[in-house]
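**Q** Quick one, what's the 3D model for this:
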Amino acid sequence: MKKMIIAMATAGLVSFGASVYAGDAEAGKALYNSSSCAGCHGANGEGGVGPKLIGLSAEKAKQLLTDYKAGKQLGPMTSMMAPMAAGLSDSDIDNLAAFIATLK
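**A** Numbering: from 1, shown residues only. The predicted structure is shown next:
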C-alpha cells in the first residue's frame, strides 16, 4: 500500500511537472523585440495595433501562434498574424510563448 501511495504521488509530480512550460523566455524576449511583435503588441505586451498580451499564459500563447501558423481563421487580426507566425519554428513559438507568459 505504501509503495502504491508513493507511486501515485510521484506520478502526480511528474504530471504537474509536464504542465510547466519549457520554452526559453530570454530567447523569446530577444525574438519578440527583434521582430514585429513589439511594434503591434507594445514593448511590454500592453497592446497597441494588436491586442495586449499581458496575462496570457504560455499554453494559450503557444496555441494561438500555432493556430495562426497553421492558417486557422481566429478573428480580424488573422490576416496580420498568419504571415508573422508562418515563419516561426516550433522552438520560436515555444520561446515566444514562454516570454509572453512573463509579461505583467
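**Q** pLDDT below threshold where in this structure?
**A** 1-21 (pLDDT under 70).
**Q** Find the nearest non-adjacent residue to Ala82, please.
**A** Counting by C-beta to C-beta, 6 or more residues apart in numbering, Ala82 lies nearest to Tyr68, which is 5.1 Å off, once chain neighbours are set aside. C-betas here are computed from N, CA, C, even on glycine.
**Q** do the same with Lys72
**A** Thr78 (7.6 Å).
**Q** how close does His41 get to Lys72?
**A** 19 Å (C-beta to C-beta, to the nearest Å).
**Q** Have a look at these two and say which one is more surrounded.
**A** Each of His41 and Lys72 has its neighbours counted (other C-beta atoms under 10 Å); His41 has more, 22 against 11.
**Q** sorry, back to before: I'd say the residue nearest to Lys72 and Tyr68 touch.
**A** Yes. Look at Thr78 against Tyr68 with C-beta atoms under 8 Å: they come within range, at 6.7 Å.
**Q** Which of those two has more residues huddled nearby?
**A** Tyr68 (22 against 15).
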